[in-house]
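>>> Could you work out the structure for the sequence below:
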Amino acid sequence: MYPMFYGYGMDWSYLLLVIVSLILGFATQGYIKSTYNTWSKVPLPGGKSGAQVAEAMLAYDHVTVNGILATPGQLTDHYDPRDNTLHLSNENLSGGSVASAAVACHETGHAVQTARGYLPGKIRTALVPVVNFCSAAWMIVFIIGVFMAFSGLMLLAIILFAFSVLFQLVTLPVEFDASHRAIVYLRAAGYDETTLRGAKKVLTAAALTYVAAALTSIMQLLYLLGQTERRR
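Numbering: from 1, shown residues only. The predicted structure follows:
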């Protein structure tokens, strides 16, 4: 990620950051997988698959997409605004569990956001190419700045990295809103309280992964700012 050694000593603040980041990552990933696995064993009343629930939610919100496609892997579900297509993992596409419905409706919520012109979603989409460039460039610039003892380059690296932090922060309301839209639909569709409770648990667990990512990015940004201050 970035230099761990300064002179001949170890940067213990960096080591602590790495440990905390790993703990947050493993804890949230473990929680979402555990919660998802639990509710993937609970059948959805009515027997609809994730794809069918997504189609019903799209009809409810008067939104159309260019397709609902299968994507390999587990929990790889996503909505692609570039081609207005829903991508559901095989388990959620054809599966008829509470977890499948929750995930399918969450991704459908992103399609609804795009159709409604949801502002945080538009900002997030606009940031994608900027963040892709900044993510590839900031570390190189920072390392060069460290070894050249040039605080100006280190500051530039921090500015580049700050776009990644901004992206993580903008992602939070986008994800929370998509989950809210999912629950609103499931309630309007008449699903029972057990289904709603399970869907909320699955979506809350998923949201925690984004919260953890944002916290990690903020901690990294504070670390970089601290290193720049030390070298002035």
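
>>> quick one: the helices in this protein?
With helices called from DSSP state H, the chain shows them at 12-39, 50-60, 90-94, 98-116, 119-147, 151-188, 193-230.

>>> and the fourth one, what other elements does it pack with?
This means helix 98-116. helix 12-39, helix 50-60, strand 78-80, strand 85-89, helix 90-94, helix 119-147, helix 151-188, helix 193-230 (3 or more CB pairs under 8 Å, 6 or more residues apart in numbering; DSSP states H and E). C-betas here are computed from N, CA, C, even on glycine.

>>> would you list those in JSON lines and tack on mean pLDDT?
Below are the helices and strands packed on helix 98-116 laid out as JSON lines (pLDDT from 0 to 100):
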{"stretch": "helix 12-39", "mean pLDDT": "90"}
{"stretch": "helix 50-60", "mean pLDDT": "97"}
{"stretch": "strand 78-80", "mean pLDDT": "95"}
{"stretch": "strand 85-89", "mean pLDDT": "97"}
{"stretch": "helix 90-94", "mean pLDDT": "95"}
{"stretch": "helix 119-147", "mean pLDDT": "89"}
{"stretch": "helix 151-188", "mean pLDDT": "93"}
{"stretch": "helix 193-230", "mean pLDDT": "90"}
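
>>> Dump those to TSV, plus distance to residue 107 and mean neighbour count.
Shown next, in TSV, are the helices and strands packed on helix 98-116 (distance: least, CB to CB, whole Å; neighbours: other CB atoms under 10 Å):
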stretch	distance to residue 107	mean neighbour count
helix 12-39	14	15
helix 50-60	7	21
strand 78-80	5	18
strand 85-89	5	21
helix 90-94	9	20
helix 119-147	13	16
helix 151-188	7	19
helix 193-230	11	17
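
>>> among those, which is nearest residue 71?
Residue 71 lies closest to strand 85-89 among the helices and strands packed on helix 98-116, at 4.1 Å (CB to CB).

>>> Pull the contacting residues for the residue lying closest to residue 73 once chain neighbours are set aside.
Leaving aside its chain neighbours, residue 73 sits nearest to residue 89 (5.9 Å; criterion: CB to CB, 6 or more residues apart in numbering). Shown in contact with residue 89 (CB atoms under 8 Å, 6 or more residues apart in numbering): 70-77, 103.
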